[in-house]
Each structure stands twice: as structure tokens, then as C-alpha cells.
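In: missing the sequence, but the structure's below:
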């Protein structure tokens, strides 16, 4: 992996391939390794860059994780994009990364060429009932300092369908084991506070909404709400796929992303 310093933080990233730049933003409890199938499958046509968000992978922990906001992540991402001289990149975010892509567009609308929001939310506060937001926030804060084997099993049923192969689960668990308390607390706090609904009608770049029909964490009512409010959006629903759609159905996922970017 390569590294770059952004606002005093060490930010690690993978960069492969040649062609128009495509930036990949992972979700919570993960890092750039979740994009292995996209780094392999899309690098023949694009320059694919997958970062480790602050607090994740090989990147530095954010200062004061409880007060690190989605806007801070977005400005850090802008520093990475500028530092790597990625001009008008296509931006793809999964789950938390999808919300980050929205905040990135809100704060830096001149930068993204397109947005792909996979299993995304308009922030938890913008897409979920308040009691659900608080339950998710309290759970993550409660479990942040526990041994991973005590909390990881409780999340797996919400990430995949029952048809997901065991080796896929094992790979996911391996990545989740490296979750650090600072990253878990920062992402959870930032996303619980984020309400991006006001930004949705202002999006002017082509936007792909990519969801699995069996997603338990970001269900289709969330997708349909984003689709209704983003004037430039198209919604694609993948059958028999859960929340981590890039993992569970990588060929379909990559094909939809590739087709969308080619058209735009």
C-alpha cells in the first residue's frame, strides 16, 4: 500500500490500473481490503483507488474520535484526491462510504464526476428512525472496546444472505478483527449524527443507487427514498444479495458499476 499525509494524518491507499479515476470508500468495520474484487475486476479499465479511512487499516486514528464528523472525513478525502491529482474522479461508496460520498459531494461538488451509492444511507439520522439510530450508536459504542470475537458474530447475519459461502464469511471476519476502537467510535458517532437529506435534491452528477434486495441493514425503503429525492439517480436492485453486495455478488456489482461509468 501507498501512503500520503493529509492534514497531519497518515492515509493509506491502494492504487491499481489505468484509465479514468475511480475512488472506493469502504464502510464501517472494514478497510480497503473489502474492495479486493473491485481492485481486481475494474482495474483493467480504470485507475482504482481504495483508501483506508482515518481510524481504519493502516491509516492514522482521527483525533478525538467522538467529535470527528462526516465533514472531517469528507475534507480528508478531498485532501487525498487532490494530493494524488485525481481529476474529476468517479466516487463509489458502500454503506458508511455511500454517506461519505454524499457529504463529499455536498462539500466539494466540483470534484466528483459521478456517484455510486451502494447499500447507502443519507446518514443514519437521514434514513432511519431515531430509535434505530440510537440503538445502533449505543451498540457500537458499547462494543468498541470488547474483544472482536464477542461482537463480530452479531453483525454477520445483517451483512450477507444465508447463501453466502463460508469462505466469504471467513474473509469478512478476518478484516473485521482488525477494527480499532478509535475507528469504530468515530464512524459510528459521525454517521449517527449525519442527516444528508437536504443535499439529495442538489445533486447534479449522474448517480447510481446499487442495492441488494435482501439487505437487512439498509433496506429497499431507504434506497427508494434516495431515488425519489436525487433527481439524477437510477436505482438498480440486485436479487438475492445482502448488504455487502460488493463481496457477495462481485461480478454483478462490477458489471453494474462498469456499465454506469461507461455511460457517464
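Out: Received, thanks. Please read these numbers as outputs of a predicted model, since none were measured by experiment. Numbering: from 1, shown residues only.
In: Only C-alpha atoms from now on, for both contacts and neighbour counts.
Out: OK.
In: Counting by contacts, list what the top strand by length along the chain packs against.
Out: Counting by DSSP state E, the longest strand found in the chain is strand 9-16. Applying 3 or more Cα pairs under 8 Å, 6 or more residues apart in numbering; DSSP states H and E, one finds that strand 9-16 makes contact with strand 2-6, strand 47-51.
In: now the angle between strand 47-51 and that strand, please.
Out: For strand 9-16 against strand 47-51, the angle by axes from the mean of the first three to the mean of the last three Cα atoms, to 10 degrees is 150 degrees.
In: residues of the host helix or strand of residue 98 that come out buried?
Out: Using DSSP states H and E, residue 98 maps to helix 96-107. Buried residues in helix 96-107, counted by 16 or more other Cα atoms under 10 Å: 96-106.
In: likewise stretch 250-263?
Out: 250, 253-254, 256-257, 260-261.
In: can you list contacts of it?
Out: If you take Cα atoms under 8 Å, 6 or more residues apart in numbering as the criterion, stretch 250-263 is touched by 37-38, 41-42, 90, 114, 116, 208, 238, 245-246.
In: what mean pLDDT does it have?
Out: For stretch 250-263, mean pLDDT is 98.
In: Next: stretch 99-112.
Out: 98.
In: In strands, which of the contacts of stretch 250-263 fall?
Out: Going by DSSP E, the strands hold 90, 114, 116, 208, 238 from those.
In: Need phi/psi at the nearest residue to residue 203 once chain neighbours are set aside.
Out: Take residue 203 and drop its neighbours on the chain: the residue closest to it by Cα to Cα, 6 or more residues apart in numbering is residue 230, 6.3 Å away. With angles defined as degrees, to the nearest 10, residue 230 sits at phi -100, psi 110.
In: How about the one 5 residues further on?
Out: Backbone geometry at residue 235, expressed as degrees, to the nearest 10, gives phi -110, psi 130.
In: Relative to residue 69, how far out is it?
Out: Taking Cα to Cα, to the nearest Å as the measure, residue 235 falls 28 Å from residue 69.
In: Next: residue 23.
Out: Residue 23 is 20 Å from residue 69, by Cα to Cα.
In: same thing with residue 12?
Out: Taken as Cα to Cα, the span from residue 12 to residue 69 is 19 Å.
In: Settle it for me: which of these two has more neighbours?
Out: Using other Cα atoms under 10 Å as the criterion, residue 12 and residue 69 rank with residue 12 on top: 23 against 19.
In: That one: what's its closest spatial neighbour, skipping adjacent residues?
Out: Per Cα to Cα, 6+ apart, closest to residue 12 is residue 3, 4.3 Å.
In: That neighbour contacts residue 15, doesn't it?
Out: No. Between residue 3 and residue 15 there is no contact under Cα atoms under 8 Å: 10.4 Å.
In: separation between residue 216 and residue 160?
Out: 9 Å.
In: Mutual contacts of these two, please.
Out: In contact with both residue 216 and residue 160: 242-243, using Cα under 8 Å, 6+ apart.
In: between the two, who's got more neighbours?
Out: Neighbours were counted for residue 216 and for residue 160 using other Cα under 10 Å; residue 160 has more, 25 against 16.
In: I'd say that one and residue 249 touch.
Out: No. Using Cα under 8 Å, residue 160 makes no contact with residue 249, being 10.2 Å away.
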